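Novice: sequence and predicted structure are below.
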There are 2 protein chains.
Amino acid sequence: MYNFLSSGAFVETFTIEPYSNGSLNGLTFAVKDNIDIAQYKTSYGSPSWQHKHKSAIYNALCVDQLLGAGATCLGKTVSDEFTYSLDGENFFFGTPINPKVPDRIPGGSSSGSAVAVACGLVDFAIGTDSAGSIRVPASLCGVYAMRPTMHRISEAGVLPFVPSSSTVGAFANDINVLGYVMQTLLKSESVVSQKIETIYLLEDAFNTSDAEVSDLIKDSINNLLVNIDADVVSITLSDILGEEATLDMLNVNALRPLQTFEFLNTVGNWIEHESPELSPFFAMKYETVRKFDRKSVSDSLRLCERYFRRMSSFLKKGDLVLFPTVPTVAPLKHSLGDMETALDFYDRTMSITSFSGIGRLPEISIPIANIDNAPVGLSVAAGFYQDEFLISSVKQLLCEVMMSPQTK
Amino acid sequence: MYNFLSSGAFVETFTIEPYSNGSLNGLTFAVKDNIDIAQYKTSYGSPSWQHKHKSAIYNALCVDQLLGAGATCLGKTVSDEFTYSLDGENFFFGTPINPKVPDRIPGGSSSGSAVAVACGLVDFAIGTDSAGSIRVPASLCGVYAMRPTMHRISEAGVLPFVPSSSTVGAFANDINVLGYVMQTLLKSESVVSQKIETIYLLEDAFNTSDAEVSDLIKDSINNLLVNIDADVVSITLSDILGEEATLDMLNVNALRPLQTFEFLNTVGNWIEHESPELSPFFAMKYETVRKFDRKSVSDSLRLCERYFRRMSSFLKKGDLVLFPTVPTVAPLKHSLGDMETALDFYDRTMSITSFSGIGRLPEISIPIANIDNAPVGLSVAAGFYQDEFLISSVKQLLCEVMMSPQTK
């Protein structure tokens, strides 16, 4: 068992009482340290950033929403440096402990939020996700998490990162808690529930994944779907986009360049002026980032738009898309210091996470299974703005196998 | 005739050549001074902000898109202080001249961009719009302008303002130029054109407007529609939202509080720490802004979401909504120093602009008529993400009356 200190999940702990009663009464939460908490300095995972900025005057709007719904805030959690990583090993703030496999990385960049939940220290935690920063640590640490439809949650008070694709989302050990939290942040109204019509299995993502991860997830899906009355259809990305396309193309040609250009406008601008202390690994990545030719920006922007439109036309109300959240279990700590291992992990992971990234889709990662204790996540995505349908569908899938998240 | 200097539209002039050839070849443009241009300081309409910040390292992404499409940038234009105004009278940078009625205000906050176009100094200009900052100066200065569907254009390199409702958009003297510019920024692909099915006249907005503005716009609409084969239907906001609702409620209960809370997270945070020099009028408004109780944020967020969803369900492909862009002609300069006059102008204008604001809708303002030389704008809005349909529909409406914008 890990506590607030030994988990390595927290940058600071404190107690902020809720403003009023609501659907989150009695629940406690933690906040990734790129999201403002009034009277505290937001570190952005960088001691230099923290040092050179003043404390926030106001809470981020999403934090005010949670306090207004009855939840109590218990602290700020470790984030990767400038949130620009998927591994969760922060050179300065340390590596939060993945409680199920402590010799493996927790995943990032919302590492502390995932770990705070995985260790049972809070009922839920919030984070941000552009290229997988919520989904990846959720999968590697074995907790539920949701990244919503892009731009559905206010980014006011969240540090500027990549404005066209960052989202606020949440982690929990319980799908019902996750649902309540997300419904608060999404301002959901009660809606007539929508039947699950078609369940697509995204074969590109299964093929991208380690064989044992793919096989285990396919088995788990068979269990989940045993009593579900819906069409189950294997598809490829080309079926959706109507042209030859791979997940790798989504990532390399479209989403990653867009995110890189936007990152240069926000964090890059600051780094150039302030020459902050950077970790060796980040500094190396940043040198690559700086070499992107901005004159080519329109090409990647056009691809992002085209792919988004085609995904939006393809996915109907009632559709779900299932795939492994991450192509592997959590890599061993420090193993990503080897460049070849790091590139393999990043390229395959980001090719999968770019599916919902490009589609701006809501996605929930379910802690579905383990391989030698190491968690494996199943992702369920739904159409643009179908967040409420996604939440109710995931609950329905989990009920079917009598899988109570608390007792699994 | 006004030049770059005498128009008062520019903060700085320079020439940035295009990166490559494209659909904007040979066109010149200007950029509102809350949008980064590499190697220049972005003022945000505030000398203190300009002084306390360093020059931008990178162009905003939208500027790179335009340079990549063949356009030449000629300068940065005056913006209202922190873009937090609709009048266009900047205490520090002066009031750009409304060339058609020089004794009247140009409208803001994208005042310089509207005036640069109205004076014919550039072919087009870009600006930003949250509560009307593109639409209002377009209407008051008599130029075409479009605010697109929210979040369709990257905000990277645009100074953080109100993340949930600010948009980048453009001004031009010619609907075809405006169309090319917007299609570049929107990454539009050629699409099968959609027939105009239903044209709604939003009666709440006509009733909010001065009688002579309403009457003139209704007459103009009759001319525009004479050969259009579409249903023309008068509606009220209550018809759309399915509950008793007024434009004033959209503004006062929903959009304005959201924008105020978000403004405190961005500009407010900075003002509290830096104690910058503020104009007397902005300082007075800011004192009001500070008094908003953040504990009530969830109420306005929920209303914004509910109204957005209902508008989205109501407006189908092929639907247009027509209404006066602004309820009056441009007020006389300095007249808004009178509190009662200012409140009347702001409350009525923002109640109308909140329609597309809440709906996150694309809206084009057409310079449709004049009252004693003072321009009056007709707004045409379309459904969420129907930007391309909106552009083609407006072109079709204008063709029908043989109204070439250049020769009107």
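Specialist: Received it, and whenever you're ready, just let me know what you need.
Novice: what's near enough to touch residue A:369?
Specialist: Contact partners of residue A:369, counting by CB atoms under 8 Å, 6 or more residues apart in numbering or on different chains, are A:216-217, A:219-220, A:375-376, A:378. Using the backbone N, CA and C atoms, a C-beta is placed for each residue, glycine as well.
Novice: out of those, who has the most neighbours?
Specialist: Most neighbours among these, by other CB atoms under 10 Å in any protein chain shown: residue A:376, with 28 neighbours.
Novice: list the contacts of that residue.
Specialist: A:139, A:213, A:216-217, A:324, A:326, A:329, A:367-370.
Novice: now swap in residue A:78 and tell me
Specialist: Residues in contact with residue A:78, defined by CB under 8 Å, 6+ apart, are A:8-11, A:33, A:45, A:90, A:93-94, A:96, A:111-112, A:115.
Novice: turn those residues into a markdown table, columns for pLDDT.
Specialist: Formatted as a markdown table, these follow (pLDDT from 0 to 100):
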| residue | pLDDT |
| --- | --- |
| A:8 | 98 |
| A:9 | 98 |
| A:10 | 98 |
| A:11 | 98 |
| A:33 | 98 |
| A:45 | 98 |
| A:90 | 97 |
| A:93 | 98 |
| A:94 | 97 |
| A:96 | 98 |
| A:111 | 98 |
| A:112 | 98 |
| A:115 | 98 |
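Novice: got JSON lines for those, with neighbour count too?
Specialist: Formatted as JSON lines, the contacts of residue A:78 follow (neighbours: other CB atoms under 10 Å in any protein chain shown):
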{"residue": "A:8", "neighbour count": "23"}
{"residue": "A:9", "neighbour count": "32"}
{"residue": "A:10", "neighbour count": "25"}
{"residue": "A:11", "neighbour count": "23"}
{"residue": "A:33", "neighbour count": "32"}
{"residue": "A:45", "neighbour count": "30"}
{"residue": "A:90", "neighbour count": "28"}
{"residue": "A:93", "neighbour count": "23"}
{"residue": "A:94", "neighbour count": "15"}
{"residue": "A:96", "neighbour count": "32"}
{"residue": "A:111", "neighbour count": "37"}
{"residue": "A:112", "neighbour count": "35"}
{"residue": "A:115", "neighbour count": "32"}
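Novice: please flag which of the residues you listed sit within strands.
Specialist: A:10-11 (DSSP state E).
Novice: count the residues that sit near residue A:252.
Specialist: A count of neighbours around residue A:252, defined by other CB under 10 Å, yields 16.
Novice: repeat for the one 3 residues further on
Specialist: Other residues lying near residue A:255 total 27 when counted by other CB under 10 Å.
Novice: distance-wise, check the residue nearest to it when sequence neighbours are not counted relative to residue B:218.
Specialist: Nearest residue to residue A:255 in three dimensions, chain neighbours excluded: residue A:354, at 4.6 Å (CB to CB, 6 or more residues apart in numbering or on different chains). Remark: distance between residue A:354 and residue B:218 (CB to CB, to the nearest Å) = 49 Å.
Novice: repeat for residue A:343
Specialist: 64 Å.
Novice: try residue A:218
Specialist: To residue B:218, residue A:218 is 63 Å away according to CB to CB.
Novice: next: residue A:250.
Specialist: Residue A:250 sits at a distance of 49 Å from residue B:218 (criterion: CB to CB).
Novice: and residue A:69, by the same measure?
Specialist: Plainly put, residue A:69 is 46 Å away from residue B:218 if you go by CB to CB.
Novice: check residue A:303 too.
Specialist: Distance of residue A:303 to residue B:218, given as CB to CB: 44 Å.
Novice: one more: residue A:312?
Specialist: From residue A:312 to residue B:218 the distance is 36 Å (CB to CB).
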